[in-house]
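Undergrad: could you look at this predicted model? Sequence included:
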Amino acid sequence: MFVAEGRAGWLAAEGVIRLPLWVVPPGVDLTPGRTVAVSLPGSGAGGDAPVRVELVYPEVTPAAMAGLAAAVRKACAASLARLKTAEVVDWIDAAVARWLDPDYLPRQWAERLLPLLTGYDAETVRLELKRLLRTFRRKELWRFLDADFANPDVLDAFRPGPAGGWVRALGPRLLVHYLSGNVPGLSVWSLVMGLLVKAGTIAKPASGEPLMAVLFARTLADIRPDLAGALAVVPWRGGDEAVEAPLLAQADAVVAYGSDQAVAAIARRVPPHARFLRYGHRISFAVIGREALAPDRYADTCHRLADDICVYDQQSCMSPQVVFVERGGAVAPAAFAALLAAEMERYQVRRPRGPVAAEEALAIQSFRGAFAFSGAEGTRVFASTDDTAWTVVYHEEPGFAPTPLNRSVHVHACDDVVTAVEAAAPYRPYLQSVGVAIHPARLFPLAERLAELGVSRIAAVGEMTRAMAGWHHDGRPNLADLVRFVDIEPSAERWAERLDADVEWDGA
Amino acid sequence: MSNGTVHDKMAHEATEMAHEPGMAHEPTVQSATSQGFMAPGLRGKVVLVTGASRGIGRAVALAFAAHGAFVAVNYLSRADLAAAVVDEARRLGGDGMAVQADVRQRHAVARMVAEVVAAAGRIDVVVNNALTNYRFDPKQRQLAWETGWPQVEAQVAASLGAVVHMAEAVLPYMQAQASGRIIHIVSNLVDFPLVPYHDYTAAKAAVVGYSRSLAAEVGRFGITVNCVAPGLTVPTDASRPTKEDVREQVIRLTPMGRLVTPDDVAGAVLFLASDWARMVTGQCLRVDGGLVMRD
């Protein structure tokens, strides 16, 4: 049977687990509201029986939200903001270390519940969750800090500035996160970025994935109860302006993930004094050079590319929707498209795609139909036969267009990948990651091209969806964008010297 | 294979397959009837599958049921799972019963076979699939110099013992019927110990040897004896600890480019139980996507 973890708030009785979906500072009380029940099938091993899990949502009133925001601000000022960065890093690292233990109970819960809540394949969740969490070990956290700050000590105290004077960087007292649920656990990325700059945090998880942020926040609160007051995770009904107004009024910064419309709607409600960071819709693509299609390389190239496309059913903005495949390799682009189709079918057997809504299925059907009958020379549609599980559309010429996702992709043949990528130019504002498999001599010429096109990240094919620590998310500094810099100019420093009665007056 | 076909008809997919929440990892039985053919000689047959409450055994039992067979679903401890398999067998057009037995116990096997015959009137096919509690965990495996006779003996007693007990119990019935099919689930690790599980592999090799000599003896009674040797099969509880790096290593070496599923194994078992394989005996059929190729 399952062991209930009383301290963290699990309540177990007769095979029923009640799981409150919020974490708030001590002293703030939210009333339990509606409950969503899910049934966990027994794991089959070790005599586990099916368990009923009740996810409990809180009632969030405007008054409660105002109180919560004030409490987090106050707790941040009193505790988190006074910590040294190294202590914050230790804190997060300790939480991550617990999560990287396969026997850690909340991790086991996440591995079992997330597939049910999101529809994603359980193996994918298990594997990708731990891969993501490894991005936040201590050594990686310092990478994030050093990527953004020439001297991360500015987060702790005034330090000598590069242009003379002194510099200090202060995180927001209250940072509000609107999280997205397309990739389970990505919420942790956002929380960690805020905490690294000692931000008091209130996060709203996505309705589709309400779990991971809460579980991780509980771990953090468990490790440092003295800091627990500065961190809250609360689900409320998106767009409830009465609830959000008192929160946003107290926020120093707001970060929002989601569709362009969702992010724009939040932007309208953020007051002018608060900094607003948005992570909206993005498009990624892959570039396969002829070198990656050599007899000893092509199968591996295809295997890695299929992983980039299929993991989390292409819902990550880092998953490619378009692939450029160069002619002149041992395997021709059309044959590579067929290989990719076979590989995506194998992926489907191994890690089936999650269920899709009727309108998504329809979008994939019309996508297939549009190209099956396009009449364009050489265009071919490869598709799973009985469902919409995967689709590969092959084109003889370079081109660029988004797909309906859920494992659907364009493959464009080209003579030279370095010039073919120009086809992506019309999508400039949306371009994000590019997966490359290309000879070293051509990597930098290609990278220059991609940089001009508006791309913000270049990774290996097979690693597209796993951004490294320190990545400038969508081309911006993760941490530096959150902080407020304070400069002591050299004049103030010099003048202060003069006001020391013991300093010799040089007459200057 | 359903992939790689040029999509020439749209909208033949009226609705998405309804994915049962949380069941993504359960093997799915592809109904043979819906694909327009049936393996001959399985309808109405009485089939005993050991270790059939989950994993490969479950997939094999359900595939037989989909071909109209009566399946005796043997289990050790999970009566609930075995009952669910029987329900599913009925839904697929077959019939069945759950039957508890520890196949390592000679008398338990004899009792189980008697129970099946009492309920179904005969016994036509036996699939020896049950595996004593074994974790295929490359990180925790015992090294050769840590594996003594006690470990090997335990595996041999469990694997070889189970199939010997079964032969002893079913041969009188099969001889009287002058027909029968005995199928042993072994492993391609016997040919290619990619991860050397010494005790397990030795025991499975013993089963292969016993299977051949048994085949030589009972062929004249119209009984065939064959082995099916799967590669790394997922998802199963036993293979769960075999993590990503080893899985990827196997995939890289496999011409078919993926791991084996329980349904893949069921196909080979059904072939050997069907009339198509009536002249096949003493063989070992590898179901590993071409990882091992040999005579």
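TA: All right, it came through fine.

Undergrad: so what touches the one helix or strand in chain B whose mean pLDDT sits lowest?
TA: None of the helices or strands of chain B scores lower by mean pLDDT, DSSP states H and E than helix B:244-253, at a mean of 90. By CB atoms under 8 Å, 6 or more residues apart in numbering or on different chains, the surrounding residues in contact with helix B:244-253 are A:127, A:300, A:303, B:138, B:194-195, B:231-232, B:234, B:257-259, B:291. C-betas here are computed from N, CA, C, even on glycine.

Undergrad: just the buried members of the residues you listed?
TA: Buried members of the contacts of helix B:244-253, counted by 16 or more other CB atoms under 10 Å in any protein chain shown: A:127, A:303, B:138, B:194-195, B:231-232, B:234, B:257-259, B:291.

Undergrad: so which of those residues belong to strands?
TA: Among the buried ones among the contacts of helix B:244-253, no member is found in strands (DSSP state E).

Undergrad: pLDDT for the contacts of helix B:244-253 - can I get that in JSON lines?
TA: Putting the contacts of helix B:244-253 into JSON lines (pLDDT from 0 to 100) gives the following:
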{"residue": "A:Leu127", "pLDDT": "92"}
{"residue": "A:Asp300", "pLDDT": "95"}
{"residue": "A:His303", "pLDDT": "96"}
{"residue": "B:Pro138", "pLDDT": "86"}
{"residue": "B:Leu194", "pLDDT": "91"}
{"residue": "B:Val195", "pLDDT": "91"}
{"residue": "B:Gly231", "pLDDT": "95"}
{"residue": "B:Leu232", "pLDDT": "93"}
{"residue": "B:Val234", "pLDDT": "88"}
{"residue": "B:Gly257", "pLDDT": "94"}
{"residue": "B:Arg258", "pLDDT": "94"}
{"residue": "B:Leu259", "pLDDT": "94"}
{"residue": "B:Leu291", "pLDDT": "96"}
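
Undergrad: which one of those is nearest A:Glu241?
TA: A:Leu127 (39.6 Å; CB to CB).

Undergrad: so what's that closest one up against?
TA: Each residue near A:Leu127 by CB under 8 Å, 6+ apart is listed here: B:Glu244.

Undergrad: would you mind measuring from it to A:Asp121?
TA: Using CB to CB, to the nearest Å, we find A:Leu127 at a distance of 10 Å from A:Asp121.

Undergrad: A:Ala251 now?
TA: Taken as CB to CB, the spacing of A:Ala251 relative to A:Asp121 amounts to 37 Å.

Undergrad: and the closest residue to chain B within chain A, what helix or strand is that in?
TA: Across chain A, the shortest distance to chain B (CB to the nearest CB) belongs to A:Glu345, at 3.2 Å. Taking DSSP states H and E as the definition, one finds A:Glu345 inside helix A:333-350.

Undergrad: neighbours around residue 169, how many?
TA: You didn't say which chain, so I picked chain A. Burial of A:Ala169 is recorded as 24 neighbouring residues (other CB atoms under 10 Å in any protein chain shown).

Undergrad: look at chain B instead
TA: Number of residues near B:Ala169 (other CB under 10 Å) recorded here: 24.

Undergrad: which stretch of helix or strand covers it?
TA: Using DSSP H and E, the secondary-structure element containing B:Ala169 is helix B:149-177.

Undergrad: next one: A:Trp109
TA: Secondary-structure element containing A:Trp109, defined by DSSP H and E: helix A:105-118.

Undergrad: avg pLDDT for that helix?
TA: Confidence for helix A:105-118, expressed as mean pLDDT, is 92.

Undergrad: around chain B, which positions in the stretch 101-250 of chain A sit nearby?
TA: Taking CB under 8 Å from any CB of the partner chain as the contact definition, the stretch 101-250 of chain A meets chain B at A:115-116, A:119, A:121-123, A:127.

Undergrad: ok, A:Cys317 - contacts?
TA: Shown here is A:Cys317, whose contacts under the criterion CB under 8 Å, 6+ apart are A:182, A:281-284, A:432-433.

Undergrad: please pick the buried ones from these.
TA: Among those, those classed as buried by 16+ other CB under 10 Å are A:182, A:282-284, A:432-433.

Undergrad: on that earlier part again, need the buried ones from the residues of the stretch 101-250 of chain A next to chain B selected in ChimeraX.
TA: Selection of the buried residues among these in ChimeraX, burial being defined by 16+ other CB under 10 Å:
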select /A:115,116,119,121,122,123,127
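
Undergrad: returning to what we had before: got the CA coordinates for the helix holding A:Glu345 in PDB?
TA: These are the backbone C-alpha positions of helix A:333-350, laid out as PDB (Å, rounded to 0.1, in the frame of the first residue of the first chain):
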ATOM      1  CA  PRO A 333      15.400  13.400 -48.700                       C
ATOM      2  CA  ALA A 334      12.300  11.600 -49.900                       C
ATOM      3  CA  ALA A 335      13.700   8.300 -48.500                       C
ATOM      4  CA  PHE A 336      14.500  10.100 -45.300                       C
ATOM      5  CA  ALA A 337      10.900  11.300 -45.000                       C
ATOM      6  CA  ALA A 338       9.800   7.600 -45.400                       C
ATOM      7  CA  LEU A 339      12.300   6.600 -42.800                       C
ATOM      8  CA  LEU A 340      11.000   9.300 -40.400                       C
ATOM      9  CA  ALA A 341       7.500   8.100 -41.000                       C
ATOM     10  CA  ALA A 342       8.500   4.500 -40.100                       C
ATOM     11  CA  GLU A 343      10.300   5.800 -37.000                       C
ATOM     12  CA  MET A 344       7.300   7.800 -35.900                       C
ATOM     13  CA  GLU A 345       5.200   4.700 -36.200                       C
ATOM     14  CA  ARG A 346       7.700   2.800 -34.000                       C
ATOM     15  CA  TYR A 347       7.600   5.700 -31.500                       C
ATOM     16  CA  GLN A 348       3.800   5.400 -31.500                       C
ATOM     17  CA  VAL A 349       4.100   1.700 -30.500                       C
ATOM     18  CA  ARG A 350       6.600   2.600 -27.800                       C
END
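
Undergrad: that one to helix B:244-253, inter-axis angle?
TA: Angular relation of helix A:333-350 and helix B:244-253 on a 0 to 180 degree scale: 130 degrees, by axes from the mean of the first three to the mean of the last three CA atoms, to 10 degrees.

Undergrad: tell me the mean pLDDT over helix A:333-350?
TA: So the average pLDDT for helix A:333-350 ends up being 95.

Undergrad: after it, which helix or strand is next?
TA: On the C-terminal side of helix A:333-350, the nearest following helix or strand under DSSP H and E is helix A:358-372.

Undergrad: report the buried residues of that next one.
TA: Buried residues in helix A:358-372, counting neighbours by 16+ other CB under 10 Å, are found at A:360-365, A:367-368, A:371-372.

Undergrad: before we move on, back to that, roughly how far is the least confident helix or strand of chain B from the heart of the chain?
TA: The gap between the average C-alpha position of helix B:244-253 and the chain average comes to 22 Å, counting by CA atoms, centre = their mean, to the nearest Å.
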